[in-house]
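Enquirer: just a sequence and a predicted model for now, questions to come.
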Amino acid sequence: MRLLKKTLVFIETIIIIVTMIFLYNDKIYAKTIDELQKPVRVGVLLYRFDDVFISLIRQSLEEIQKNNPDKVEFTFYDGNNDQSVQNETVGTLLKNNSVDFILLNVVDEKRAEEPINMIKEYNIPVVLFNREPYNISTIQSYGKSYYVGTNPPEAGILQGNILVNAWNKNKAAIDTNGDNILQYVMLMGQRDNKEAIARTQYSVSTINDNGIKTQELALSVCDWERSIAKSNFEQLFLYYGNKIEAIIANNDEMAIGAIEVLQKYGYNKGDDTKTIAVVGVDAIPEAQELIKKGEMIGSVLQDPSAIAEASYLIGMNLFYGREPLDGTQYKFDQTGVAVRIPYKEYLG
C-alpha cells in the first residue's frame, strides 16, 4: 500500500514538473514568435540628407518598407557631411540597442574604419552603400560587413562613349573651332573619392582611346554640389567662353549647375549653334528632362532602387543568420565583400 502511494506521488510530481516545463517552454516559444513578428529595426545613416541621389536611395528604402510593413522599419539619420557627427550617431544607436543592423553611407571614405570598428564591438551586421571606403580591407576586416555600390570606371567609360558617339555623329556641332581636338571642362566631385577619380580618368581616356584628342581647359572640384558647380563654372565660362566644347561632370547635380550658367548666357536653350555638350552621371529626373529637351547630351544611370534593394536584402540575410547573398542573384566581385550594380547609358 505504501509503495502504491509513493508511486502515485512520484507520478503526480512528474506530471507537475512536465506541465511546468511545457508551460514555460510555451511562453518562451510564444515570446520568440512575437519577437520574430516584429519588424527588423534598421538604422540608415546617410552622409547628408540634401544630396539628390542619396535622397532617391532613401525614397527607394521607404518604398521597400511600405511594401513590407511587418518585416522592416527604417530610421534615417543625417551625417551632415561630418564623420564625427555620424560616428556619434552610430555610438548612440549601439549603446541604446536601437537597431538590429545598420545601412551605412559613410561620410569620409578614408575614415570608414571608425564606424565599422564601433559596430564590430556590438557584433551586428552593417552594409555600406554608395560611398566606398578608400581601403576595401576595412570592410573585409569584419565578417558581418559588406558593400553595395558600382564599378567606378564604368561610369567614366559610359560618359566617354556618349561624347564619342556624339562627336562621330555630328563632329561639327561639337568641334566648333575645327581643330580636331575636344576642349573640355571637368567638374569633379571630390579629389579623394574613388568614384570621382575613376569617372574623371576614364571619361577622358575612353575618348582618347577612340582616336579623339582632348584638351582640358580646366578642372574644378565642386563637392558634388550644384551651387558650387554653378559658381565655379561661371568664372570659367567668363574666362574661356565659346572655347569650351564640352563639360564632363562627375554627377548630374554639377552638370545642371553648369547648364544653368550656360542658359544664363544664352547657350543650351534649343539653338544648335549655341549648344555646348554636357554629360553627367546618375540620370536623376531633372537631368532626364534636360536630355529630352536637348539641353544636355546624356547621362549615366546609377539605379538608386537597385542599390537600396541589394543593401536591404543582404542586411536581412545577415540579421537572420543566412549567407549574405542567399536567395538573391547578386555576386560578389573579386574582393569577396562587394556587390557592384551595373551602370547604364541614358540618352532620353
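Expert: Arrived safely, thanks for sending.
Enquirer: quick one: strands adjacent to whatever helix or strand Y146 lives in?
Expert: Assigned by DSSP states H and E, Y146 belongs to strand 145-149. Using DSSP bridges, the strands paired with strand 145-149 are strand 126-129 (parallel), strand 338-340 (parallel).
Enquirer: mean neighbour count, these: which tops it?
Expert: Most buried of these by mean neighbour count (mean count of other C-beta atoms under 10 Å) is strand 126-129; its value is a mean of 27. The C-beta positions use only the backbone N, C-alpha and C, and glycine is treated the same way.
Enquirer: who touches that strand?
Expert: Residues from elsewhere that reach strand 126-129, judged by C-beta atoms under 8 Å, 6 or more residues apart in numbering: 57, 101-106, 112, 115-116, 119, 139, 142, 144-149, 307, 310-311, 314-315, 318.
Enquirer: my reading is that V300 lies in a strand. Confirm?
Expert: Yes: the assignment for V300 is a strand, going by DSSP: H, G, I helix; E, B strand; the rest coil.
Enquirer: which residue lies nearest the spatial centre of this structure?
Expert: For the chain, the residue nearest the mean C-alpha position is N130 (2.5 Å; C-alpha atoms, centre = their mean).
Enquirer: Y146 pairs with what?
Expert: Counting by DSSP bridges, Y146 is bridged to V127.
Enquirer: sorry, wrong one. I was asking about G43.
Expert: Under DSSP bridges, the beta-bridge partners of G43 are T75, I102.
Enquirer: which parts of the stretch 101-250 of the chain are helices?
Expert: Using DSSP state H, counting those that start in this stretch, the helices of the stretch 101-250 of the chain run over 113-122, 137-140, 152-169, 171-174, 194-209, 226-240.
Enquirer: what about L46, neighbour count?
Expert: By the criterion of other C-beta atoms under 10 Å, L46 has 27 neighbours.
Enquirer: same question, D333
Expert: Per other C-beta under 10 Å, the neighbour tally for D333 reads 13.
Enquirer: now do P115 against Q140, distance only.
Expert: Distance, P115 to Q140, by C-beta to C-beta, to the nearest Å: 15 Å.
Enquirer: please identify which of the two sits among more neighbours.
Expert: Using other C-beta under 10 Å as the criterion, P115 and Q140 rank with P115 on top: 26 against 16.
Enquirer: chain neighbours aside, what residue packs nearest to that one?
Expert: Take P115 and drop its neighbours on the chain: the residue closest to it by C-beta to C-beta, 6 or more residues apart in numbering is V90, 4.7 Å away.
Enquirer: go on, R58?
Expert: Nearest residue to R58, sequence neighbours excluded (C-beta to C-beta, 6+ apart): F76, at 6.0 Å.
Enquirer: show me where pLDDT drops low in the chain?
Expert: Across the chain, the ranges flagged by pLDDT under 70 are 1-37.
Enquirer: rerun that using 50 as the cut-off
Expert: Applying pLDDT under 50 to the chain flags the ranges 1, 3-4, 9, 18, 20-35.
Enquirer: domains in it, by residue range?
Expert: With domains defined by automatic domain parsing, the chain comprises 1-37, 40-150+305-342, 153-301.
Enquirer: can you redo the ones you listed as CSV with distance to G348?
Expert: Conversion of the domains of the chain to CSV gives the following (distance: least, C-beta to C-beta, whole Å):
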stretch, distance to G348
domain 1-37, 46
domain 40-150+305-342, 18
domain 153-301, 4
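Enquirer: hmm, back to that, contact partners for the closest residue to the residue nearest to the centre of the chain other than its chain neighbours?
Expert: In this structure, N130 finds its nearest non-sequential neighbour in N105, 5.3 Å apart by C-beta to C-beta, 6+ apart. By C-beta under 8 Å, 6+ apart, N105 lies in contact with 44-47, 54, 57, 79, 128-131.
Enquirer: list just the nearest of those to Q334.
Expert: L128 (17.3 Å; C-beta to C-beta).
Enquirer: got the phi and psi for N251?
Expert: Main-chain dihedrals, N251, degrees, to the nearest 10: phi -150, psi 170.
Enquirer: quick one: it from A287, how far?
Expert: Distance from N251 to A287, by C-beta to C-beta: 9 Å.
Enquirer: who touches both of these two?
Expert: Both N251 and A287 are contacted by G280, under the criterion C-beta under 8 Å, 6+ apart.
Enquirer: quick revisit: include distance to G280 when you put the contacts of N105 into CSV, please.
Expert: Shown next, in CSV, are the contacts of N105 (distance: C-beta to C-beta, whole Å):
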residue, distance to G280
V44, 25
L45, 26
L46, 21
Y47, 19
I54, 16
I57, 17
G79, 24
L128, 24
F129, 21
N130, 16
R131, 18
